[in-house]
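Participant: Predicted model follows, preceded by the sequence.
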Amino acid sequence: MVAGGMILATLTDVVTPILAGRLVDDVTRLPPHLLGAGATRSPEAFATRHDTLLMLGGLTLLGIVSLLGRRLAFISITHLTLRIMSGIARTAFARVQRFSTDWHANHFAGSTVRRLTRGMWAVDMLDDTLLLMLLPEMCVLAGTTVVLALRWPLMGLLLGLGSVGFAVLSALLTLNYVAPSARLANVWDTRMGAALADAITCNAVVKAFGAEGREDARLSRVLQRWSGRTTRMWLRGTDSGNLQNLCLVGLRILMVGSVLWLWWHGRAGAGDIAYVLTMVFLVQGYLRDIGQQISVVQRSVNEMEELVALYDEPAGVQDRPDARPIRITAGEIRFEQVGFHYTGQTLPLFRDLSIDIPAGSRVALVGPSGSGKTTATKLVQRLYDVTSGRILIDGQDIAGITQESLRAQIAIVPQEPLLFHRSLAENIAYARPDATLAEIEAAAALANASEFISRLPKGYATLVGERGVKLSGGERQRIAIARAFLAGSRILILDEATSSLDSESEALVQEAMQRLMVGRTVIVIAHRLSTVVALDRILVFSRGELVEDGPHHRLLTNEGGLYRRLFDRQALGLAAE
Ligand code: ADP
């Protein structure tokens, strides 16, 4: 459709100079004294005038066809482009979402967003240029060359070779001279996006330290590098454009010179000269456009490169082809001789870790910072694959089940809960999007959250700000607890907040957590003594090893044990950290 419309429109451009030439021929054939009221009405004058009218009609028709052809092409390309752009956004987003936690930790959200959107718009630029511009231009050039060659083979050859030579020159200049600088400029463009996003996301920290000026200066440094690279890209583009234009002037002089030479030798008339002049200007315009468009194509390809590179990144944890959804009915968790090694670390973290957590029991993970508590819970969620051994949930090896089904059936209350900038109701229902408002309210009540929500002017419809910044730490936590209530999972992972809450909020959170733990298998990454004491078992980690395992009172009797030492050191406050 797009191509058809554009080819139709451009064919009219090929034919237009022919009609223009014939019109001039008609006009010069009839000297003015044969026209006007008193002129003799010879049959020749009549026929010629008839022909001029015909040409005028022809030009009008060509104009209309060209208009309609372009309209058809533009309308079709709108749909095509948007389909492709949406497709790219969808697949790239799906991929990015499924990248590992590490990948996300290592990439700025801002720069990823910029990579995605820039890649999408590059598609728009690319297919506009290829289909609406380059394709028709090639058609005009080929058509014109053929028409010209039929009349004067040598000039046709000249134009053909000139056009091809010009296109090759443009492509070479763009690829070897402009593209490398464009690639570098893009890298800095992405960095600029990342720098902006980083500072804006951490605005609270910036404010807290009154560091706006420092951040301004930091951005200025990035902008300086960015503008340096971009200047070079643009100047190289200008150089390349100037050189191309110089070649076009040469081609024009050659073409006009040739037709004048033909005229000297009596082989071309005024109409021919008019045709060649119209054609040369038209072709020159087209060639100049082709030069520019080749660089646009290159730029769009450059911009898409960063997006395409996303597809080369390792996707992280992969589901096996035969992976099935997991069914968690009881909630028993077993680590069997698990080995795990973070890429980038010299030593493995876990070597031969075996843990048995019966269904419905509540265990605390305790140990110094960096001892592997968080990693153990991440392995249960299969955010990483184990290097050796296996992890079983209700007897099913989690390496062979689908990640989505596993994570959907494990409820997490993280240390710093993240909320979407959506309504509170949606945030709570994230665990179960089909939950009714009554169920959401019930979950909020269990989480001790309903009171503060009802005090908000818009209640459950309140938008919570990016990542939930409009709520206090304790409130965010209670929302996360409400989410976990609604999820109704058999397995619960609680990462206790290290930041201290005010005592009232703390009491509400603790109470809600106790309520949440009932009837589930619970793993708590514990930082508070009060939590630890009440749990069934305490697993004490040290440098990736499970060094002690038992209930609080028994571990306390082990005089030289790590737990006893941690306990003594932090008896009044924290059990770890
Ligand atoms: P804990 O929760 O007990 O503080 P973690 O499980 O977070 O300990 O970390 C255990 C060890 O693994 C630490 O030495 C930490 O530096 C390392 N580690 C944690 N996350 C990563 C990661 N994504 N990549 C590489 N090493 C990591």
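Facilitator: Cool, got the structure.

Participant: Okay, and L555 sits in which element?
Facilitator: Using DSSP states H and E, L555 maps to helix 552-557.

Participant: Give the other helices and strands that that helix contacts.
Facilitator: Identification of packing neighbours for helix 552-557 by 3 or more CB pairs under 8 Å, 6 or more residues apart in numbering; DSSP states H and E yields strand 537-542, helix 562-569. For the C-beta atoms, the positions are set from N, CA and C on the backbone; glycine is no exception.

Participant: That helix - what's its average pLDDT?
Facilitator: Averaging pLDDT along helix 552-557 yields 82.

Participant: Could the C-alpha coordinates of the one helix or strand A194 maps to be exported in CSV?
Facilitator: Take DSSP H and E as the rule and A194 turns out to sit in helix 179-201. Output in CSV follows, covering the C-alpha atoms of helix 179-201 (Å, rounded to 0.1, in the frame of the first residue of the first chain):
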residue,chain,number,x,y,z
ALA,A,179,28.3,6.9,11.9
PRO,A,180,31.2,6.3,14.3
SER,A,181,30.7,9.8,15.7
ALA,A,182,26.9,9.3,15.9
ARG,A,183,27.5,6.1,17.9
LEU,A,184,29.6,7.8,20.4
ALA,A,185,27.1,10.7,20.6
ASN,A,186,24.3,8.2,21.3
VAL,A,187,26.2,6.6,24.2
TRP,A,188,26.5,10.1,25.8
ASP,A,189,22.9,10.8,25.1
THR,A,190,21.9,7.6,27.0
ARG,A,191,24.3,8.7,29.8
MET,A,192,22.7,12.1,29.9
GLY,A,193,19.3,10.5,30.3
ALA,A,194,20.7,8.3,33.1
ALA,A,195,22.3,11.2,34.9
LEU,A,196,19.0,13.2,34.8
ALA,A,197,17.0,10.2,36.0
ASP,A,198,19.5,9.4,38.8
ALA,A,199,19.5,12.9,40.2
ILE,A,200,15.7,13.4,39.9
THR,A,201,14.9,10.0,41.4
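
Participant: ok, back up a step: what's the closest of the helices and strands packed on helix 552-557 to H527?
Facilitator: Between H527 and these, the tightest spacing by CB to CB is seen for helix 562-569, at 11.0 Å.

Participant: Look up the closest residue to the spatially most central residue of the chain, ignoring the ones flanking it.
Facilitator: By CA atoms, centre = their mean, the chain has its centre lying nearest to L116, at 1.9 Å. Counting by CB to CB, 6 or more residues apart in numbering, L116 lies nearest to A92, which is 5.4 Å off, once chain neighbours are set aside.

Participant: tell me the contacts of the one you found?
Facilitator: For A92, the contacting residues are 116, 119, 307, 310, by CB atoms under 8 Å, 6 or more residues apart in numbering.

Participant: For it, give its distance to A195.
Facilitator: To A195, A92 is 22 Å away according to CB to CB, to the nearest Å.

Participant: of all the residues in the stretch 1-150 of the chain, which ones are close to the ligand?
Facilitator: Applying CB under 6 Å from any ligand atom, we find that the stretch 1-150 of the chain lies next to the ligand at D102.

Participant: Let's see the distance spanning stretch 128-142 from one end to the other.
Facilitator: End-to-end distance for stretch 128-142: 20 Å, by CA to CA, to the nearest Å.

Participant: Tell me which residues of it come out buried.
Facilitator: Neighbour counts over stretch 128-142 (16 or more other CB atoms under 10 Å) mark 128-141 as buried.

Participant: Now do that stretch: everything it contacts.
Facilitator: Contacts for stretch 128-142 (CB under 8 Å, 6+ apart): 2-3, 6-7, 9-11, 13-14, 73-74, 77, 81, 159, 163, 282-283, 286-287, 289-290, 293-294, 296-297, 300.
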